[in-house]
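Engineer: Dropping the sequence and predicted coords here.
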Amino acid sequence: MTGVLKSFILPLELYADDVAGIAGECVRRYGEREWRSVVLTNEIHGHLGIYSTLGAKMGVLAVELFEKRGAAGDISVISFAGSVPPVSCFNDGLQVSTGASMGHGLFAVGSEGKECSARARFCCGSSTFELRLKPEYEEVIRADIRKGVDLYGHASPYWQYVRNLALRYWRDWDRAEIFEQAEGNHSATGLGRCPESFREGEMAESGKNHSATGLGRRPESCRKGEKSKISFETIR
């Protein structure tokens, strides 16, 4: 099933000037699928953000990995980005790029004892894997943000600084290089299987039983800052 548009390469004059300035290079390097996902994500998100952009890039990579494995059908996603910005902005990119939206009952925020970070679990049919942003890229973001706060505090120039960072990461960070994939003890981590709620097509309704699904609240793990024990490897 397709969406609404046959193509998403719009005339450059329809984009903001700074976005138009990177359009050609981004489409050439990363393809139309990523361009569409990042543009739609940030338009829905309300501003051009760092984590929303990276979430879209991760989701596109996940779709490609499933295609390589021959997996077909709906993708379900459990995000470990929590529900508190800025990291939770990652969730918007994941939903737009994979089609695994909360409205479809295919997206949830996990709460299984790991710190909130740019990390998510993807399931399609019998195929499941987990991706995360490599630690070295997380550190680049933290260092860049610290520099912005030192320079501008949270005055208006700071938000333009963050937008410029998002543009730079969008243009320069290749989705094939910035993420790594989980490996190891899948029975211990919950990898290798879809959540029961996704297999059965169940999802908590708004305002009901959120404690069972982890939706509608910040996961305990985010509040406690517990560490993941999953090991990751570079995607090949």
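Structural biologist: Arrived safely.
Engineer: Quick check: closest non-adjacent residue to residue 132.
Structural biologist: With CB to CB, 6 or more residues apart in numbering as the measure, residue 119 is the residue that lies nearest to residue 132, at 3.7 Å, once sequence neighbours are left out. Glycine gets a C-beta too; all of them are placed from N, C-alpha and C.
Engineer: Distance-wise, check residue 23 relative to residue 49.
Structural biologist: Distance, residue 23 to residue 49, by CB to CB, to the nearest Å: 18 Å.
Engineer: Who has more neighbours out of the two?
Structural biologist: Counting neighbours by other CB atoms under 10 Å for residue 23 and for residue 49 shows that residue 49 has the greater number, 22 against 16.
Engineer: Which residues are in contact with the more buried one?
Structural biologist: If a contact means CB atoms under 8 Å, 6 or more residues apart in numbering, then residue 49 has 42, 86, 89, 162, 166 as its contacts.
Engineer: Quick check: it vs residue 180, distance?
Structural biologist: Applying CB to CB to residue 49 and residue 180 gives a distance of 22 Å.
Engineer: again with residue 95
Structural biologist: Remark: distance between residue 95 and residue 180 (CB to CB) = 22 Å.
Engineer: okay, these two: which has more neighbours?
Structural biologist: Neighbours around residue 95 and residue 180, counted as other CB under 10 Å, are more numerous at residue 95. The numbers are 23 against 19.
Engineer: before we move on, what SS does that one have?
Structural biologist: Under DSSP: H, G, I helix; E, B strand; the rest coil, residue 95 falls in the helix class.
Engineer: again with residue 108
Structural biologist: What three-state DSSP gives for residue 108 is strand.
Engineer: Does it touch residue 81 like I think?
Structural biologist: No. In this structure residue 108 lies outside contact range of residue 81 using CB atoms under 8 Å: 11.5 Å.
Engineer: If you count surrounding residues, which of those two has more?
Structural biologist: For residue 108 and residue 81, the more surrounded residue by other CB under 10 Å is residue 81, and the numbers stand at 28 against 22.
Engineer: so what's the more buried one closest to, chain neighbours aside?
Structural biologist: Per CB to CB, 6+ apart, closest to residue 81 is residue 90, 3.9 Å.
Engineer: Distance from the chain centre to whatever helix or strand the one you found lives in, please.
Structural biologist: Under DSSP states H and E, the secondary-structure element containing residue 90 is helix 90-98. Centroid separation between helix 90-98 and its chain, computed with CA atoms, centre = their mean, to the nearest Å, is 5 Å.
Engineer: Kindly report the same for stretch 141-152.
Structural biologist: Its chain's average C-alpha position is 22 Å from that of stretch 141-152, according to CA atoms, centre = their mean.
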